[in-house]
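Undergrad: Below are the sequence and a predicted model; questions follow.
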Amino acid sequence: MKKIKKVLIIEDDKSLARVLQIKLKAEDVDTLFVQSGERGIDVAYSGQPDLILLDMMLPGMGGGEVLQELRSKDETKDIPVIVLTNIGDDMSVISEVVSLEASDYFVKANTSIETIVDKIKERLAENRLPLQ
């Protein structure tokens, strides 16, 4: 039986998250959606996602702190994380993302939903979780 892939979306923009959920459902990918970093960490531990989409600008705990926490725990250190942000040219953010080993980094305003979904599919396939 085929294992259904699961993506955790940690994003405070409900509209963007909803569009991603719809697109991923069409690709037979389940989604979990939370709007805060703290909740994202809890769900990452309990929900065992195959991939995480992480916004850098979140209320409360920011995306950098979330990524650092995820990378520090055995249960979540190897989960691919795709960072989404609108902080496009801030070198400190880019350096943080690179140092914490994010799988990919996209500027929301410059990236289509299709590009993000294609990258998710690519990363899930790399994790030996074939799509279809």
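TA: Arrived safely. Numbers count the residues shown, from 1 in each chain.
Undergrad: what's the average pLDDT for the helix or strand containing residue 52?
TA: Per DSSP states H and E, residue 52 falls inside strand 51-55. Strand 51-55 shows a mean pLDDT of 95.
Undergrad: what's it packed up against?
TA: Applying 3 or more CB pairs under 8 Å, 6 or more residues apart in numbering; DSSP states H and E, one finds that strand 51-55 contacts strand 5-10, helix 37-47, helix 63-72, strand 81-85, helix 113-126. From N, CA and C alone the C-beta is placed, and that goes for glycine too.
Undergrad: Adjacent strands (with direction) for it?
TA: Partners of strand 51-55 in the sheet, by DSSP bridges, are strand 5-10 (parallel), strand 81-85 (parallel).
Undergrad: circling back to that earlier point, could you look over the helices and strands packed on strand 51-55 and pick the most buried one?
TA: Mean neighbour count (mean count of other CB atoms under 10 Å) peaks for strand 5-10 among the helices and strands packed on strand 51-55, with a mean of 25.
Undergrad: now the angle from that one to helix 113-126?
TA: Strand 5-10 runs at 130 degrees relative to helix 113-126, counting by axes from the mean of the first three to the mean of the last three CA atoms, to 10 degrees.
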